[in-house]
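>>> with the sequence up front, the predicted model follows.
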Protein chains: 2
Amino acid sequence: LTKPLLAALRGETPARIPVWLMRQAGRYLPEYRALRASSGGFLDLCYTPDLAAEITLQPVRRYGMDAAILFSDILVVPDALGCEVTFVEGLGPRLAPIGNAAAVGRLAPAGLHERLAPVYETVRRVAASLPPQTALIGFAGAPWTVAAYMVEGEGSKEFVQARRFARAERGAFARLIDLLTEATADYLLAQIHAGAEVVQLFDSWAGVLPEPERERWCLEPARRIVARVRAARPEVPVIVFPRGVGAAYARFAALLGAQGIGLDTTVCLEWARRELAGVCLQGNLDPVALLGPRDALLAEVRRIGGAMAGRPFVFNLGHGVLPETDPEAVAAVVEEVRALPVEAMRR
Amino acid sequence: LTKPLLAALRGETPARIPVWLMRQAGRYLPEYRALRASSGGFLDLCYTPDLAAEITLQPVRRYGMDAAILFSDILVVPDALGCEVTFVEGLGPRLAPIGNAAAVGRLAPAGLHERLAPVYETVRRVAASLPPQTALIGFAGAPWTVAAYMVEGEGSKEFVQARRFARAERGAFARLIDLLTEATADYLLAQIHAGAEVVQLFDSWAGVLPEPERERWCLEPARRIVARVRAARPEVPVIVFPRGVGAAYARFAALLGAQGIGLDTTVCLEWARRELAGVCLQGNLDPVALLGPRDALLAEVRRIGGAMAGRPFVFNLGHGVLPETDPEAVAAVVEEVRALPVEAMRR
């Protein structure tokens, strides 16, 4: 029997609506917090296969999710390129900001796989211990989102410095994006080699760019990454999550060549159903709904399930699980998804 | 001769493409900083007609903008409802957060016009001293955006607390939105009575809500406000700026009854031209483009002008002018807009 996630992404009718949640392994889980308390920094977790594999499996064990997603971070790629990353408790990531063309020139793609070997080992371990119906998802940050952190040096509301750099130093920024595009494809292919059955590209900050920049820094690099992965491993579906691109979701769905498109919380599902044909959709429950009354939460699950009925769909959030989420709310979501009727899915 | 802004909003062909910029009066202008340094807090400025009128007029004098927009803040409305607002230098607004139904019940709409009388006086003074081709825009925050600040107590990246409250205390939140809807319509009508020729409703945080909440907390209240303003003063065009609503811009354009729709930086103009018919569009230059190379900035101005050629359009940014903007960049934008050819505009 094909795993439900793989069936949905291939446009076949799965035995059940597949469900997993972005950041399903994380701070809202007591078993994660326990493990985190006894370990080093956040990146150490990502680079320690024993711990990262255990964290990856925690939500699968607890909820019977249809996918395990590798526990890691999108910033391991810049870290592996020689741009040191640290995570400051309560503040998020800090990077030595890329401030000029010379800093782009100093990045060292040659060391990528060596530095990321522990991540591949994590993938191998998870792959070896998954339940038979659970698919393993590898992932990476998309070039624009990763570059935005590298230039800004930290998280940001609007990534103004990164957008400014992309305009002021267009040639250097293009080299950075090109370098990240190749490194990201290499990285995803290595995860697939280690056992990932699906890969997802997170373009979490695609939504801060205007149309021309979005085409050049988001759509085009993602298209190249999907093409490289599909050329080398045509059996592995690719999901792209271009968060916040609004009506441009139609261009991404039509032009990326991806098998799955992640919908953020704001997308109108009737619109998506009409305009994003020929691709499996994934999303878009608001993580805040998990903090609210249970009956309204379950009604939201049914509304989304109903809107996507009869077309390829993967139930998920439209953004990551919030740290203050009650683990019981996640259980209730999964149970409600399991009760959704499976209709024949037509692309 | 009809003022260019009014002509465009009425769907007539103006003598030139009208241009103004969100936050055109503000920190990037040395004359603003000089005046600000010698005055009290930020809200004091808003409540001092002499100063607020002078600030409103500064960019009109410097650039010959086609509109003066009242210098004020969207948070004067909660302030006038009895929810005290302070602005902390470098940190932004702070409000006593609305935490429960009782706090909503304590809001006092009866004192609105008394507290906001200085704002109306500012409008009166500006109206009396505007150049003949310059239109005066009044404005207010939309109920969702204002309520989000009132619940959160400050600015936020995602307004999670406000979204959570809206779900957990749905009845109380609905009362808050209803109260703000009526107060906002009253406030805009009073600005019109004082001399505003156009009013704009800023829903700056519409983009954090999923579809059902967006319909209930953004679209529906804005529709009611537009209807009240239009019923009382049918000659006054209303612009609504639902920032970040993506493909739902089509619903807002079709259902609000507004004469103008503000487009954020992310909207694809070809899509907007196709899907948002029958309404004047306004936007959507990226404020970050003003920080970058001059030739690329002017090319952006021409790209936007070209995409909107022959349909009702008001040139503007897709978000506010950034404080670090060189005033000369604004001058260059205005000059380039003045050079755009005016074609007959068909709705």
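Perfect, I can see it now.

>>> contact partners for the residue of the stretch 51-200 of chain A found nearest chain B?
Nearest residue of the stretch 51-200 of chain A to chain B: A:Arg167, at 3.2 Å (CB to the nearest CB). Bear in mind the C-beta positions are built from the backbone N, C-alpha and C, glycine included. Applying CB atoms under 8 Å, 6 or more residues apart in numbering or on different chains, we find A:Arg167 in contact with B:288-289, B:291-293, B:296.

>>> now, the most widely separated pair of the residues you listed?
Distance extremes for these: the farthest pair is B:Val288 and B:Pro293 at 11.7 Å, using CB to CB.

>>> so which of those two has more stuff around it?
B:Val288 (29 against 13; other CB atoms under 10 Å in any protein chain shown).

>>> can you give me the helices for the stretch 151-300 of chain A?
Under the criterion DSSP state H, counting those that start in this stretch, helices of the stretch 151-300 of chain A are mapped to A:160-168, A:170-194, A:211-214, A:220-232, A:249-255, A:269-275, A:294-307.

>>> what angle sits between the last one and helix B:170-194?
Comparing the axes of helix A:294-307 and helix B:170-194 via axes from the mean of the first three to the mean of the last three CA atoms, to 10 degrees yields an angle of 80 degrees.

>>> what helices or strands is helix A:294-307 leaning on?
helix A:269-275, strand A:280-285, strand A:313-317, helix A:327-338 (3 or more CB pairs under 8 Å, 6 or more residues apart in numbering or on different chains; DSSP states H and E).

>>> next, format those as a markdown table and append mean pLDDT and distance to A:Leu43.
Formatted as a markdown table, the helices and strands packed on helix A:294-307 follow (pLDDT from 0 to 100; distance: least, CB to CB, whole Å):
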| stretch | mean pLDDT | distance to A:Leu43 |
| --- | --- | --- |
| helix A:269-275 | 97 | 35 |
| strand A:280-285 | 98 | 27 |
| strand A:313-317 | 98 | 24 |
| helix A:327-338 | 98 | 25 |
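
>>> mind checking these for the one nearest to B:Gln259?
That would be helix A:269-275 among these, by CB to CB, at 24.3 Å.

>>> quick one: residues in contact with that closest one.
In contact with helix A:269-275 (CB under 8 Å, 6+ apart) are residues A:249-250, A:253, A:263, A:281, A:284, A:304, A:307-308, A:311, B:211, B:247-248, B:250.

>>> out of those, which end up buried?
Those of the contacts of helix A:269-275 that meet the buried threshold are A:249-250, A:253, A:263, A:281, A:284, A:304, A:307-308, A:311, B:211, B:247-248, B:250, by 16 or more other CB atoms under 10 Å in any protein chain shown.

>>> around chain B, pick out the residues from the stretch 51-200 of chain A.
A:157, A:160, A:163-164, A:167-168, A:170 (CB under 8 Å from any CB of the partner chain).

>>> got a winner among those for most neighbours?
A:Arg163 (28 neighbours).

>>> and the gap between A:Leu9 and B:His193?
From A:Leu9 across to B:His193, the span is 59 Å (CB to CB, to the nearest Å).

>>> neighbour count for those two, which is higher?
Between A:Leu9 and B:His193, counted using other CB under 10 Å, A:Leu9 has the larger neighbour count: 26 against 14.

>>> touching, that one and A:Phe313? I think so.
No. A:Leu9 lies out of contact with A:Phe313 (CB atoms under 8 Å); the separation is 10.2 Å.

>>> what do those two both touch?
Joint contacts of A:Leu9 and A:Phe313 (CB under 8 Å, 6+ apart) are A:Cys280.

>>> so which of the residues of the stretch 51-200 of chain A next to chain B sits lowest on pLDDT?
When those are compared on pLDDT, A:Lys157 comes out least confident, at 90.

>>> let me see the contact set for that one.
B:Lys157.

>>> chain center to stretch A:303-315, what's the gap?
20 Å (CA atoms, centre = their mean, to the nearest Å).

>>> spatially, what comes nearest to whatever residue of the stretch 151-300 of chain A ends up closest to chain B if we skip its sequence neighbours?
Chain B sits closest to A:Gly246 of the stretch 151-300 of chain A, with a gap of 2.6 Å, by CB to the nearest CB. Nearest residue to A:Gly246 in three dimensions, chain neighbours excluded: B:Gly246, at 2.6 Å (CB to CB, 6 or more residues apart in numbering or on different chains).

>>> check whether that neighbour really touches B:Gly207, as I assumed.
Yes. Using CB under 8 Å, B:Gly246 is in contact with B:Gly207, at 7.5 Å.

>>> which residues are there in the stretch 201-347 of chain A that come within reach of chain B?
So the stretch 201-347 of chain A meets chain B at A:207-214, A:244-251, A:265-269, A:271, A:275, A:284, A:286, A:288-289, A:291-293, A:296, A:300, A:303, A:318, A:322 (CB under 8 Å from any CB).

>>> show me the contacts for the residue nearest the centre of chain A.
When CA atoms, centre = their mean is applied to chain A, the residue found nearest the centroid is A:Phe202 (4.2 Å). A:Phe202 sits next to A:74, A:139-142, A:145, A:241, A:243 when contact means CB under 8 Å, 6+ apart.

>>> which stretches of the stretch 1-150 of chain A form strands?
Secondary structure of the stretch 1-150 of chain A by DSSP state E, counting those that start in this stretch: the strands cover A:67-69, A:85-88, A:92-95, A:135-141.

>>> and the shortest one, how far out from the chain middle?
Counting by CA atoms, centre = their mean, strand A:67-69 is centred 11 Å from the centre of its parent chain.

>>> please identify the pairing partners of that strand and their relative orientation?
strand A:135-141 (parallel) (DSSP bridges).

>>> between helix A:220-232 and the strand it pairs with, find me the angle.
Going by the same axes, to 10 degrees, strand A:135-141 makes 140 degrees with helix A:220-232.

>>> quick one: buried residues of stretch A:48-55?
Within stretch A:48-55, the residues scored as buried using 16+ other CB under 10 Å are A:48-49, A:51-55.

>>> my bad, stretch A:338-347
Under 16+ other CB under 10 Å, the buried positions of stretch A:338-347 are A:340, A:345.

>>> stretch A:256-272 now?
A:256-269, A:271-272.

>>> how long is it end to end?
16 Å (CA to CA, to the nearest Å).

>>> now it: how far from the chain's centre is it?
Distance, centroid of stretch A:256-272 to centroid of chain: 13 Å (CA atoms, centre = their mean).

>>> what's the answer for stretch A:253-267, then?
12 Å.

>>> what mean pLDDT does that stretch get?
For stretch A:253-267, the mean confidence score works out to 98.

>>> start to end distance for that stretch?
Start-to-end, stretch A:253-267 (CA to CA) is 13 Å.

>>> returning to that earlier point: pLDDT added to the contacts of A:Arg167, as a markdown table?
Formatted as a markdown table, the contacts of A:Arg167 follow (pLDDT from 0 to 100):
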| residue | pLDDT |
| --- | --- |
| B:Val288 | 98 |
| B:Ala289 | 98 |
| B:Leu291 | 98 |
| B:Gly292 | 96 |
| B:Pro293 | 97 |
| B:Ala296 | 97 |
